[in-house]
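**Q** Output the structure for:
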Amino acid sequence: MDHTVHFWLNGEERTLTVQTGDSLLEVLRNELRLYGTRETCGIGMCGACTVLVNGKPLSACLLLAPQVDGQEVLTIEGLSQDGQLHPIQQAFIDHNAFQCSYCTPGMILTAKALLDENPTPDEEQIKEYLSGNLCRCGSYIEIIAAVQDASRRLADH
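**A** Residues are numbered from 1 along each chain as shown. As a prediction, the model looks like this:
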């Protein structure tokens, strides 16, 4: 069954026709060609497909596209502004907080949600908040350092 979905994607108003069973992940990648949202497990366990919906991190593989009607969706492609990386993105680069980078978009968006909610998290709070995002390369030490640095950068911003 077709559904017309009206939502805001990376700050832009969008209207799409989607099928009842289309996941947001499928629509982002296949219809909108936004490849930063990654598919890995397909069951909401790895965090690679994390997007922010109204500022909250959600697994796009589990979210049906019709559910974003009227919502604000942010993908990794919408995080930088005017060609400038977001401070979290820059901190990940500066701390080499990735190896293969497959998990990085989901990690960065989850870190953004954390820092929006708690601008000065301690190490344990960062670990707990990012616990739904898996890094198969094991870059966790660098990821935590990047989030701590991003917290300082955003405070100075």
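**Q** Need the residue closest to the centroid of the chain.
**A** Nearest to the geometric centre of the chain sits L109, at 3.2 Å (Cα atoms, centre = their mean).
**Q** residues touching that residue, list them.
**A** By Cβ atoms under 8 Å, 6 or more residues apart in numbering, the contact set of L109 is 50-52, 57, 74-76, 79. C-beta coordinates here come from the backbone N, C-alpha and C atoms, glycine included.
**Q** For my notes, confirm it occurs in a helix.
**A** Yes: L109: assigned to a helix according to DSSP: H, G, I helix; E, B strand; the rest coil.
**Q** and the longest helix belonging to the chain, what does it pack onto?
**A** Using DSSP state H, we find that the single longest helix of the chain is helix 140-156. Helices and strands touching helix 140-156, by 3 or more Cβ pairs under 8 Å, 6 or more residues apart in numbering; DSSP states H and E, are helix 87-94, helix 104-117, helix 123-129.
**Q** Of those, which stretch is the most buried?
**A** Mean neighbour count (mean count of other Cβ atoms under 10 Å) peaks for helix 104-117 among those, with a mean of 23.
**Q** Quickly list the domain ranges of the chain.
**A** The chain breaks down by automatic domain parsing into domains covering 2-77, 87-156.
**Q** what comes up buried for stretch 21-37?
**A** 22-29, 34, 36-37 (16 or more other Cβ atoms under 10 Å).
**Q** Name the spans of this protein whose pLDDT lies under the cut-off.
**A** The chain contains no residues with pLDDT under 70.
**Q** Tell me who's in contact with R136.
**A** By Cβ under 8 Å, 6+ apart, R136 lies in contact with 100, 102-103.
**Q** Kindly list the main-chain dihedrals of it?
**A** Torsion angles at R136 (phi, psi; degrees, to the nearest 10) stand at phi -70, psi -20.
**Q** how far away is it from C103?
**A** Plainly put, R136 is 7 Å away from C103 if you go by Cβ to Cβ, to the nearest Å.
**Q** what about D122, how many neighbours?
**A** Counted with other Cβ atoms under 10 Å, residues neighbouring D122 total 11.
**Q** next one: D156
**A** D156 has 7 neighbours, counted by other Cβ under 10 Å.
**Q** ok, now R152?
**A** For R152, the neighbour count with other Cβ under 10 Å is 13.
**Q** where's it relative to Q71, distance?
**A** 31 Å.
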